[in-house]
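S.K.: following is a predicted model, sequence given first.
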Number of protein chains: 2
Amino acid sequence: MSKQAVPVVDLNAVACCAPIAARPMDDDQAAVVAPMFKALGDPVRLRLMSMIASVPEICVCDLTPAFDLSGPTISHHLRVLRDAGLVDSERRGTWVWYRVRPEAFRQLGALLDIPTATATTG
Amino acid sequence: MSKQAVPVVDLNAVACCAPIAARPMDDDQAAVVAPMFKALGDPVRLRLMSMIASVPEICVCDLTPAFDLSGPTISHHLRVLRDAGLVDSERRGTWVWYRVRPEAFRQLGALLDIPTATATTG
DNA sequence: GTCCTGCCTAGATGAATTTCGAATCAGCCC
DNA sequence: GGGCTGATTCGAAATTCATCTAGGCAGGAC
């Protein structure tokens, strides 16, 4: 085993939103965060997420025609995004509207922050 | 490592740093970016990424014992991260060292930026 | 040279994912 | 109520994925 691989961290306070690069992530936190990244790890869902995040809210009827996929398939992907906590849905009359959950979005962004000088030296 | 060290993802091909929420992402860009998120969408890989990003560089021999998984499995996950363009590897003597690719890391963070007007007004 | 250690590759396998058509649920209009 | 449209859920097929064991290559010690 090498010596310099031991991480030098004292930020044991923040577990929820500390950047990935701040210190090694523990198993529990990884289990919580990974599904969010996983939800964005599909091109269809990434485009759906982008379409939803680009406007205050958007109807499923406006999302589906943008893809060459069946309605149930789009519905499935939207559910994955919703289960991951990235979006919210609300039925209003005939249509169902989706919007982004800004706090989840912000949290993901914070996780990818580069704290200070660790990863920038490579 | 010489032939495998070339990342599959071409970072320059991505519309660099345009946030997901700025405008709907097109199909090509989604196809390039999604594998990066997908690579982070597994708890093991997320912890690996975090361990690598927390230090300037780290030896595989320090990564493997942190998990209850076989060596080949860890090697597989490291390859996924490498193919996604998130990390780089280099053999020096007996050991292989991994380090983060800061530009990929920064780009992912930029993608999750909120352009301060769209997603917060919903 | 031989042996040992560290890491990767190859092949196999059970689990998860993506996708569809069919069926179902929710709301509106006549 | 009956019919229509929008969205989800159900059940199944094809694909992909995470993981293992076995084996191979590179480098150092002898």
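M.R.: Cool, got the structure.

S.K.: quick one, what contacts the residue nearest the centre of chain A?
M.R.: By CA atoms, centre = their mean, the mean C-alpha position of chain A lies nearest to residue A:36, the distance being 4.1 Å. Residue A:36 sits next to A:84, A:85, A:86, A:104, A:107, A:108 when contact means CB atoms under 8 Å, 6 or more residues apart in numbering or on different chains. C-beta here means a position set from N, CA and C on the backbone, and glycine is covered the same way.

S.K.: pretty sure the last one belongs to a helix, no?
M.R.: If I follow you right, that is residue A:108. Yes. Counting by DSSP: H, G, I helix; E, B strand; the rest coil, residue A:108 is found in a helix.

S.K.: would you confirm that it contacts residue B:111?
M.R.: No. With contacts counted by CB atoms under 8 Å, residue A:108 stays clear of residue B:111, the gap being 9.4 Å.

S.K.: so for those two, which sits in the more crowded spot?
M.R.: Each of residue A:108 and residue B:111 has its neighbours counted (other CB atoms under 10 Å in any protein chain shown); residue B:111 has more, 27 against 24.

S.K.: nearest to chain B among the contacts of residue A:36?
M.R.: Of all the contacts of residue A:36, chain B sits closest to residue A:108, with 5.0 Å by CB to the nearest CB.

S.K.: what number of residues lie near the residue nearest to that closest one when sequence neighbours are not counted?
M.R.: Closest residue in space to residue A:108, ignoring its immediate chain neighbours: residue B:112 at 5.0 Å, by CB to CB, 6 or more residues apart in numbering or on different chains. Neighbour count of residue B:112, defined by other CB under 10 Å: 21.

S.K.: wait, what's in contact with residue B:112?
M.R.: Residue B:112 makes contact with A:105, A:108, A:109, A:112, B:19, B:20 under the criterion CB under 8 Å, 6+ apart.

S.K.: which pLDDT value belongs to the first one?
M.R.: By that I understand residue A:105. The model reports residue A:105 with a pLDDT of 91.

S.K.: these two touch, right, it and residue A:99?
M.R.: No. Using CB under 8 Å, residue A:105 makes no contact with residue A:99, being 10.9 Å away.

S.K.: okay, these two: which has more neighbours?
M.R.: residue A:105 (24 against 17).

S.K.: give me the buried positions along the helix or strand containing the more buried one.
M.R.: According to DSSP states H and E, residue A:105 maps onto helix A:102-111. By neighbour count, with 16 or more other CB atoms under 10 Å in any protein chain shown as the criterion, the buried positions of helix A:102-111 are A:102, A:104, A:105, A:106, A:107, A:108, A:109, A:110, A:111.

S.K.: could you say what helices and strands that helix packs with?
M.R.: Packing partners of helix A:102-111 (3 or more CB pairs under 8 Å, 6 or more residues apart in numbering or on different chains; DSSP states H and E): helix A:27-40.

S.K.: if we go to 10 Å?
M.R.: helix A:27-40, helix A:43-53, strand A:87-92, helix B:27-40, helix B:102-111 (3 or more CB pairs under 10 Å, 6 or more residues apart in numbering or on different chains; DSSP states H and E).

S.K.: and the shortest one, which strands flank it?
M.R.: Read that as strand A:87-92. Partner strands and pairing direction for strand A:87-92 (DSSP bridges) are strand A:95-100 (antiparallel).

S.K.: the partner strand near DNA strand C at all?
M.R.: No. Using CB under 7 Å from any atom of the strand, strand A:95-100 stays clear of DNA strand C, with a minimum separation of 8.8 Å.

S.K.: over to stretch A:27-37?
M.R.: No. On the criterion CB under 7 Å from any atom of the strand, stretch A:27-37 is out of touch with DNA strand C, staying 8.0 Å away.

S.K.: check stretch A:61-81 too.
M.R.: Yes. Stretch A:61-81 reaches DNA strand C (CB under 7 Å from any atom of the strand) through A:68, A:69, A:70, A:71, A:72, A:73, A:76, A:77, A:80.
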